[in-house]
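# Pasted the sequence and its predicted model underneath.
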Amino acid sequence: MWRDAALVVGKDLRIEARSRVGLSQVAPFGIVALALFAFALGPDRAIMAKGAPGLFWVAVLFCTVLAVQRSVSVESADGARDGLRLSGIDPAGLFLGKSAAVAVQLVVLEALLTVGVVVLYGARIEVPWLIVVSCALGTVGLAATGTLYGALSSGLRVRETLLPFLLLPIVAPVLLAGTRIFQAAMAGGTPSDGTQWLRLLVVFDAVYVAVGVLLFGPILETA
Amino acid sequence: MRYVVAGYVVILTVLFLYAVQLLWRRRRLSRAVARVTSGPPAGSAAGATSGGQP
Amino acid sequence: MTDLAPAAGASAHPTDAPVTNTGVTPPPVQSARARTTERVIGVLALAGTAVTVWLGMWVTPPDKDQGDLVRLVYVHPGVAWVALYLAFGMAAVSSVLYLWPRTRSLFWDRLAAACVEVGVVFNVCTLVSGAIWGKPTWGVWWAWDARLTLTAVLLVLFLGYLALRRVPAEPEVRARRSAFVALFAVLDVPLVHFSVNWWNTLHQGATVLNPGLTLKIHGSMAWTLLLGFVAMTLAFVWMLLVRYRIGLLEDWLDANELDAALAERQSEGIGSPAGADPGADAPTGAARPDATPDGTPVEPAGVV
């Protein structure tokens, strides 16, 4: 399973490296989202700094949807999906591999967006390790659920509209937790508030990664 | 008190309308099934007007 | 609902071509007992609801603290319990039963779909009645308190389920997809529950919401509350039965109407004197293939 996962991660990341869609489209979209939020909330930096945690995570959610759509569409060309199944790849490995690839892209995006939030909104980070850990845990959850729903909706023509509608309510706990942790980690927050939310993220991740590993095989058969 | 009345009216109306819609759907579908089963050539091909619900 | 038997009479076909209900399997029949049960439950639900309304609106006294607003308590928890626990809970269990290989049967899938659709309707009732109760009580139509938020998230999750079901697919594929979505949604519920609870408690000082109902219910109020639960549950069961039947009929039509229409088309092409059906306009596109299955173009009806 791990070997298959490594193979799939490598494949997806190599595709990404060659096509640079993440870099040239998703990342700029994230920055544009931050700019849109700034326009929406007005030039008062105090408000933007206060809202920065939430806005960051909303931007991350939007980027997740794009990244997952891309991850799914990579397989739908040239019958790649059938090829994958015929190749005898362990479905659990496929799940882990694709999730990991999405996660890697998301982490890079989050680093970029964190810088964006600090620069554009004047957010001040006091407890960096909380930021890093929450991003890591949140990313795992987002990538896992994204891959699951991507597989469920792959091959559907309405996938573009359906996937966000299905995915985003499910990851509401990640949004809530991430926002709270960021608030705790920024100026004016109490770091100890963040720890219970970290536990929630761990549980969320555990649940959906386990579900993916166990059920990805049957899920693929629905495509 | 008018809130109470509004609340009752809303709930009852929604449930009632949904119930009526269910009954209407079922009737329309059973008619379609009847048309299809009474079969060619006596039945009409308008059986295709039924749900065929995606 | 009449009992539908396969049309034996279709064999009265003028030609020798074996073109009667080819490929049309017998439609699902509803037994008389099922029909009676459904009627009885429906009548009971209607009566229960009427009595609840009568008791709730007029007979019971206003509450000491809440005044007349307590009257909404007779229906709101009833619809809430039905939607959140009964309907969605059953949908979750049915979905798992469908996914479990030993109990796999489209019955569970249809049941889940029916539960979700009816559950969504009750969910909307819950949110609306809750808002109507909340406005005079809290002063706002909506508040992001834990219970309301969870109810709203549930609504969105299961609307997603319904949206996914509308995508055309083979019954087994659709059933599987829907079951997974239901399963994932249900797994999410405790996570969302804890999230919004913690999310809320951090700000409890800022709001003046009373998260629970601190009512002492006694006497006629207690009976009315109980009756409200019972009446809503009966209404749910009745709606479920009808909605399940609808799903059954829809699936049967999906599977069979094309075959029946093809069979009829073939019979027309062979030149049956029955000719054009009385009153049938051009059937919908799906029922009019451009050629019979063996490829010969079909002449318009009446031309031999």
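Looks like it arrived, so ask away. Residues are numbered from 1 along each chain as shown, chains lettered A, B, ... in the order given.
# From residue A:135, how far off is the closest residue to residue A:13 other than its chain neighbours?
Counting by Cβ to Cβ, 6 or more residues apart in numbering or on different chains, residue A:101 is the residue found nearest to residue A:13 once chain neighbours are left out, at 5.4 Å. Quick note: C-beta positions are derived from backbone N, CA and C, even for glycine. Plainly put, residue A:101 is 17 Å away from residue A:135 if you go by Cβ to Cβ, to the nearest Å.
# more crowded one of the two?
Neighbours of residue A:101 and residue A:135, each counted by other Cβ atoms under 10 Å in any protein chain shown, are more numerous for residue A:101; the result is 27 against 23.
# packing partners for whichever helix or strand the more buried one is part of?
Using DSSP states H and E, the secondary-structure element containing residue A:101 is helix A:91-121. With contacts defined as 3 or more Cβ pairs under 8 Å, 6 or more residues apart in numbering or on different chains; DSSP states H and E, the secondary structure elements packing on helix A:91-121 are helix A:2-19, helix A:27-41, helix A:45-76, helix A:128-153, helix A:193-220.
# can you tell me which of those helices comes nearest to residue C:65?
Residue C:65 lies closest, by Cβ to Cβ, to one member of these: helix A:193-220, at 34.0 Å.
# Tell me if I'm right that residue C:126 and residue C:81 touch.
No. At 9.0 Å, residue C:126 does not count as touching residue C:81 under the criterion of Cβ atoms under 8 Å.
# which of these two has more neighbours?
Per other Cβ under 10 Å, whichever of residue C:126 and residue C:81 has more neighbours is residue C:126, with 28 against 18.
# So the more buried one, which state does it fall into?
Under the three-state scheme (DSSP: H, G, I helix; E, B strand; the rest coil), the conformation of residue C:126 reads as helix.
# who's in contact with it?
Neighbour list for residue C:126: C:76, C:79, C:80, C:83, C:84, C:151 [criterion: Cβ atoms under 8 Å, 6 or more residues apart in numbering or on different chains].
# circling back: could you give the separation of the helix holding residue A:101 from the chain centroid?
On the basis of Cα atoms, centre = their mean, to the nearest Å, helix A:91-121 is displaced by 6 Å from the centre of the chain it belongs to.
# How about the closest residue to chain B within chain A: what's its closest non-neighbour residue?
When scored by Cβ to the nearest Cβ, chain A has residue A:158 as its residue closest to chain B, at 10.4 Å. In space, and not counting its chain neighbours, residue A:158 is closest to residue C:167: 6.0 Å by Cβ to Cβ, 6+ apart.
# Confirm that the one you found lies within a strand, as I assumed.
No. Assigned with three-state DSSP, residue C:167 falls outside any strand and is coil.
# What separation is there between it and residue A:161?
Residue C:167 sits 11 Å away from residue A:161, going by Cβ to Cβ.
# quick one, phi/psi of residue B:11?
Here the main-chain torsion angles of residue B:11 (degrees, to the nearest 10) amount to phi -60, psi -50.
# Against residue C:248, how distant is residue C:34?
Noted for residue C:34: a distance of 11 Å to residue C:248, by Cβ to Cβ.
# again, but for residue A:143
When Cβ to Cβ is the yardstick, residue A:143 and residue C:248 sit 39 Å from each other.
# So which of the two has more stuff around it?
A direct count of neighbours by other Cβ under 10 Å for residue A:143 and residue C:248 places residue A:143 higher, at 29 against 20.
# residue contacts, that one?
Shown in contact with residue A:143 (Cβ under 8 Å, 6+ apart): A:64, A:99, A:100, A:102, A:103, A:106.
# what two of those are the furthest from one another?
Distances among the contacts of residue A:143 were taken as Cβ to Cβ; the most separated pair is A:64 and A:100, at 14.2 Å.
# Mind checking which of these two has more residues around it?
Set residue A:64 next to residue A:100 and count neighbours by other Cβ under 10 Å: residue A:64 wins out with 28 against 21.
# That one touches residue A:107, doesn't it?
No. Between residue A:64 and residue A:107 no contact is recorded; they are 11.5 Å apart, counting by Cβ under 8 Å.
# who touches both of the two?
Taking Cβ under 8 Å, 6+ apart as the contact criterion, no residue touches both residue A:64 and residue A:107.
# Can you mark which positions in stretch C:146-163 are buried?
Of the residues in stretch C:146-163, C:146-161 count as buried by neighbour count, 16 or more other Cβ atoms under 10 Å in any protein chain shown.
# Can you list the neighbours in contact with it?
Outside stretch C:146-163, the residues touching it (Cβ under 8 Å, 6+ apart) are A:162, A:165-166, A:169-170, A:172, C:80, C:83-84, C:88, C:91, C:116-117, C:119-120, C:123-124, C:126-127, C:130, C:134, C:142, C:178, C:181-182, C:185, C:188-189, C:192-193, C:196-197, C:199-200, C:211.
# hmm, which of these are the buried ones?
Buried members of those, counted by 16+ other Cβ under 10 Å: A:162, A:165-166, A:169-170, A:172, C:80, C:83-84, C:88, C:91, C:116-117, C:119-120, C:123-124, C:126-127, C:130, C:134, C:178, C:181-182, C:185, C:188-189, C:192-193, C:196-197, C:199-200.
# Helix or strand: which one has the residue nearest to the spatial centre of chain B?
The centre of chain B sits closest to residue B:25, judged by Cα atoms, centre = their mean, with a distance of 1.7 Å. Secondary structure from DSSP H and E places residue B:25 in helix B:2-38.
# So what's the gap between that helix and the chain middle?
Mean-position distance between helix B:2-38 and its chain equals 6 Å (Cα atoms, centre = their mean).
# which one is residue C:83 nearest to, not counting chain neighbours?
Residue nearest to residue C:83 in three dimensions, not counting chain neighbours: residue C:122, with 3.5 Å by Cβ to Cβ, 6+ apart.
# In a helix, that neighbour, correct?
Yes. Residue state for residue C:122 (three-state DSSP) corresponds to a helix.
# Help me confirm that it comes into contact with residue C:233.
No. Under the contact definition of Cβ under 8 Å, residue C:122 does not touch residue C:233, with a separation of 10.4 Å.
# More neighbours: which of those two?
Neighbours per residue (other Cβ under 10 Å) separate residue C:122 from residue C:233, with residue C:122 holding more: 27 against 16.
# Could you list which residues are in contact with that one?
By Cβ under 8 Å, 6+ apart, the neighbours of residue C:122 are B:15, C:79, C:80, C:82, C:83, C:87, C:232, C:236.
# In strands, which of the contacts of stretch C:146-163 fall?
Using DSSP state E, no member of those falls in strands.
# quick one: contacts for residue A:131?
Residues near residue A:131 by Cβ under 8 Å, 6+ apart: A:114, A:125, A:181, A:182, A:185.
# shaky segments in the chain?
Assuming you mean chain A. Confidence mapping of chain A against pLDDT under 70 gives the ranges A:77-79, A:189, A:222-223.
# Chain C, not that one
Confidence mapping of chain C against pLDDT under 70 gives the ranges C:1-24, C:201-218, C:270-304.
# Please repeat the previous calculation with a cut-off of 50.
Applying pLDDT under 50 to the predicted model, the residue ranges of chain C that meet it are C:1-22, C:203-211, C:213-214, C:274-304.
# Surely residue A:155 forms part of a strand?
No. Assignment of residue A:155 by three-state DSSP gives coil, placing it outside any strand.
# Next one: it from residue A:11, what distance?
For residue A:155, the distance to residue A:11 equals 19 Å [Cβ to Cβ].
# One more: residue C:93?
Residue C:93 sits 39 Å away from residue A:11, going by Cβ to Cβ.
# What parts of chain A come near chain B?
If contacts are counted using Cβ under 8 Å from any Cβ of the partner chain, no residue of chain A sits beside chain B.
# Alongside chain C, which residues does chain A contribute?
Near chain C, when you scan chain A using Cβ under 8 Å from any Cβ, you find A:145, A:148-149, A:152-153, A:156, A:158, A:162, A:165-166, A:169-170, A:172-173, A:176-177, A:180, A:193, A:196-197, A:200, A:203-204, A:207-208, A:211, A:215, A:218-219, A:221-222.
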